[in-house]
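> based on what follows, work out the 3D shape:
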Amino acid sequence: MPTTATETTAGNETVEGAGITIQDPRTGEVLWTVPEAGPQAVQDAVDVARRAASGWAATAPAERGAALRAAAKALDAAAQELAGLNASETGRPENEALAGIAAAVSTLEQYAELGPVHRGHSLRGSRLASDYTVAEPRGVAVLLTPWNDPVAVACGLIGAALVTGNAVIHKPSERCPRLGEALGEVLAPAFPAGVFLTLSGGAEVGAVLSQAAVDVIAHVGSSASGARIAQAGALTGAHVIRENGGNDPLLVDRDVDPAWAAEQAAIGAFSNSGQICTAVERIYVHKDIATKFSRALEAEAALRNSNGTVAPLVDLRMRDAVHAHVSDALAQGARAVEGGAVPDGPGSFYPATVLLNCTEKMEVMTEETFGPVAPVQVVDTFDDGLRLACSGRYGLAATVLSSNIAHIQQAVAALPVGTVKVNAVFGGAPGGAAQPRGESGAGFGYGPELLDEFSQVKVVHIAAPPAPAGSGTESEISLDEQDLS
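Below you'll find the model as predicted:
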């Protein structure tokens with residue numbers, strides 16, 4: 001069995017009669033039931049991590065980096081097994097799951113290199129004094145991670161938290177608990193006992209962890225859960241890092257090739273069946289190319305539906321939520337030119353869907369749908385589209401497709417989001433880190449800046465003591481200090 005927190009404590013307590021039952025998203029068949037940790041097991045895990053934290057914090061950064069490299073190597077060796085579990089629990093195609101694990105390996109390796117060179121700053125003070133800052137671990141870090149790219153997202157947080165010297169308690173999503181436990185089994189042996197623990201459970205376990213006496217909580221998931229975690233952190237004093245929901249717009253200008261723009265829209269809306277935090281959630285297209293764009297997007301969706309490349313949604317609950325948004329749009333006058341209906345048969349499949357005649361009053365344009373749905377609203381001008389793209393309470397990311405540099409610069413300046421992508425719905429240089437805005441979260445979630453999130457800064461001032469009376473050095477120090485005035 002995996003190395004979980006409950007196995008490293010005396011209690012080994014789980015909730016009586018409780019468990020997480022997972023169904024195969026492709027067939028609907030029950031795969032397994034994973035026990036949930038009870039409140040005492042959560043407290044035991046916090047206690048174990050607290051005891052381990054001081055020793056890990058005192059470990060040389062280079063040694064912590066070496067442990068992370070060992071974990072990356074173990075993860076690479078277990079990639080096939082973990083990808084199979086990912087495919088079984090979430091329905092993600094195995095090749096995509098493998099790509100996510102490869103990204104996780106790379107991320108662990110990057111943090112293994114960045115951690116030992118994570119440094120403070122020298123400060124300008126007296127010539128006879130030293131002033132500088134020291135980055136120290138916060139202590140015990142709770143990581144609450146999602147199911148849509150479970151290994152890659154988890155390992156980003158795990159790597160940054162561990163290499164900066166924090167002890168970690170990881171609670172993977174209840175939608176992929178067996179995968180989360182297996183990930184813990186793979187990674188934990190690379191670290192001293194108690195430094196990296198895994199707890200299985202649903203929202204109740206997450207709530208207990210967020211209210212526990214820990215030092216930092218990192219959460220990737222829904223905005224509603226993130227808001228509750230932020231409130232809990234305000235009461236406990238834990239530092240909270242959140243990447244939460246998004247309603248990312250795609251703004252299509254009049255001067256781009258409509259077929260290419262439709263291809264970009266399809267990639268953004270349908271990849272991983274739309275179950276990506278930065279997926280395209282709403283589309284604003286200029287009226288001059290709207291007809292050609294819509295026809296091309298319809299063809300993109302139809303191709304995916306006909307060749308069976310649209311994987312199932314993670315479960316029936318997710319499909320019900322997606323279809324509720326589509327149904328609301330149809331009831332308000334939207335037109336489904338492709339998809340839009342729940343298919344017959346087992347599993348939680350939902351087709352790639354293109355909705356036309358959408359308006360800002362529809363849930364599919366204002367909420368995070370998190371499914372393979374591309375809702376399109378036609379706009380008269382670029383300014384109209386930009387105004388709509390800037391609307392809403394989320395602030396994760398946005399994409400602009402345009403050849404007009406003035407429009408591009410205008411959009412970059414105006415969009416209230418953490419990431420603006422121009423002429424590519426996905427991509428970016430390694431090490432990029434953004435700060436979500438609004439209900440999409442707070443704090444840096446990736447890149448070197450994530451090391452800062454898991455660290456706290458101490459300012460050090462060291463002055464020379466006064467010289468002993470009669471030593472003959474008082475005048476030298478006095479003269480030196482006068483030189484600085």
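> ok, now which ones touch Arg393?
Arg393 sits next to 438-439 when contact means CB atoms under 8 Å, 6 or more residues apart in numbering. Heads up, the C-betas are built off the backbone N, CA and C, glycines and all.
> give me the distance between it and Pro465.
Using CB to CB, to the nearest Å, we find Arg393 at a distance of 56 Å from Pro465.
> now do Tyr284
Here Tyr284 is placed at a distance of 67 Å from Pro465 (CB to CB).
> neighbour count winner among those two?
Counted by other CB atoms under 10 Å, Tyr284 and Pro465 do not tie: Tyr284 has more neighbours, with 25 against 5.
> which residue sits closest to that one, ignoring its sequence neighbours?
What sits nearest to Tyr284 in space, not counting adjacent residues and going by CB to CB, 6 or more residues apart in numbering, is Gly385, at 3.8 Å.
> surely that neighbour is in contact with Val379?
Yes: with contact defined as CB atoms under 8 Å, Gly385 and Val379 form a contacting pair (4.1 Å).
> who touches the spatially most central residue of the chain in this structure?
Most central in the chain under CA atoms, centre = their mean is Val220, positioned 4.5 Å from the mean C-alpha point. Val220 makes contacts with 144-146, 153, 157, 242-244, 277, 445, as judged by CB under 8 Å, 6+ apart.
> from the residues you listed, which one has the minimum pLDDT?
Minimum pLDDT across the contacts of Val220 is recorded for Gly445, with 86.
> burial of the closest residue to it other than its chain neighbours, as a residue count?
Nearest in space to Gly445, with sequence neighbours left out and distances taken as CB to CB, 6+ apart, is Glu243 at 4.3 Å. Other residues within reach of Glu243, judged by other CB under 10 Å, total 28.
> over to Arg335?
Arg335, neighbours per other CB under 10 Å, totals 13.
> how close does it get to Val216?
Using CB to CB, Arg335 is found at 47 Å from Val216.
> Val412 too?
Val412 is 31 Å from Val216, by CB to CB.
> so for these two, which sits in the more crowded spot?
Comparing Val412 with Val216 by other CB under 10 Å, the one with more neighbours is Val216, at 25 against 13.
> can you map out the strands along the stretch 201-350 of the chain?
Secondary structure of the stretch 201-350 of the chain (DSSP state E, counting those that start in this stretch): strands at 216-220, 239-243, 249-252, 282-286, 335-338.
> okay, those in TSV with distance to Gly194 next?
Conversion of the strands of the stretch 201-350 of the chain to TSV gives the following (distance: least, CB to CB, whole Å):
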stretch	distance to Gly194
strand 216-220	17
strand 239-243	21
strand 249-252	45
strand 282-286	45
strand 335-338	52
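> between those strands, which one is nearest to Gly428?
With CB to CB as the measure, strand 239-243 is the member of those nearest Gly428 (15.0 Å).
> so who does Ile217 touch?
Applying CB under 8 Å, 6+ apart to Ile217 gives the contacts 141-142, 144, 209-210, 229, 232-233, 238-241.
> Glu63: which of these is nearest?
Minimum distance to Glu63 across the contacts of Ile217 is 18.5 Å, recorded for Ala141 (CB to CB).
> so the closest one: helix, strand or coil?
Secondary structure, DSSP: H, G, I helix; E, B strand; the rest coil: Ala141 is strand.
> one step back: touching, the residue nearest to Gly445 and Gly441? I think so.
Yes: at 4.6 Å, Glu243 and Gly441 qualify as touching, with contact defined as CB under 8 Å.
> list the buried residues for stretch 411-421?
Neighbour counts using 16 or more other CB atoms under 10 Å place 411, 415, 417-421 of stretch 411-421 among the buried residues.
> between those residues, which is closest to Gly268?
Lys421 (9.1 Å).
> wait, a helix at that closest one?
No: Lys421 is assigned strand when assessed by three-state DSSP, not a helix.
> measure it to Ala397 for me?
7 Å.
> could you do Ala227 as well?
Relative to Ala397, Ala227 is positioned 19 Å away (CB to CB).
> quick one, which of the two is more surrounded?
Each of Ala227 and Ala397 has its neighbours counted (other CB under 10 Å); Ala397 has more, 26 against 14.
> and of the strands of the stretch 201-350 of the chain, who's closest to Ala49?
strand 216-220 (11.6 Å).
> list the neighbouring strands of the closest one plus their orientation.
Its sheet considered, strand 216-220 pairs with strand 140-144 (parallel), strand 239-243 (parallel) by DSSP bridges.
> which residue ranges form the helices in the stretch 151-300 of the chain?
Counting by DSSP state H, counting those that start in this stretch, the stretch 151-300 of the chain has helices at residues 177-187, 203-210, 223-236, 258-270, 290-307.
> what's the most buried one of those?
Among those, the stretch with the highest mean neighbour count (mean count of other CB atoms under 10 Å) is helix 177-187, at a mean of 24.
> and it, what does it pack onto?
The elements that helix 177-187 packs onto, with contact taken as 3 or more CB pairs under 8 Å, 6 or more residues apart in numbering; DSSP states H and E, are strand 14-23, strand 30-37, helix 61-77, helix 79-90, helix 150-163, strand 167-171, strand 196-198.
> dump the residue contacts of the residue nearest to His323 when sequence neighbours are not counted.
Once flanking residues are discounted, His323 sits nearest to Val342: 5.6 Å by CB to CB, 6+ apart. By CB under 8 Å, 6+ apart, Val342 lies in contact with 319, 323, 350.
> Thr381: how many residues sit nearby?
Around Thr381 sit 13 other residues, with neighbours defined as other CB under 10 Å.
> who does the nearest residue to it once chain neighbours are set aside bridge with?
Distances taken as CB to CB, 6+ apart place His286 nearest to Thr381, at 7.4 Å, with adjacent residues excluded. Assessed by DSSP bridges, His286 has beta-bridge partners Val379.
> in terms of pLDDT, where does His286 sit?
Looking at His286, its pLDDT reads 98.
> is it correct that it is in contact with Gly385?
Yes: counting by CB under 8 Å, His286 touches Gly385, with 6.8 Å between them.
> out of those two, name the residue with the larger neighbour count.
More neighbours surround Gly385 than the other of His286 and Gly385, with 27 against 24 (other CB under 10 Å).
> tell me who's in contact with that one.
If you count contacts by CB under 8 Å, 6+ apart, Gly385 has them with 251-253, 284-286, 379.
> rerun at 6 Å
For Gly385, the contact set (CB atoms under 6 Å, 6 or more residues apart in numbering) comprises 251, 284, 379.
> cool, and Val186?
Applying CB under 6 Å, 6+ apart, we find Val186 in contact with 74-75, 78.
> for it, which non-adjacent residue is spatially closest?
Residue nearest to Val186 in three dimensions, not counting chain neighbours: Ala78, with 4.6 Å by CB to CB, 6+ apart.
> got phi/psi on that neighbour?
Dihedral pair for Ala78: phi -100, psi 10, per degrees, to the nearest 10.
> for it, give me the pLDDT.
Looking at Ala78, its pLDDT reads 98.
> swap in Pro2?
Looking at Pro2, its pLDDT is 35.
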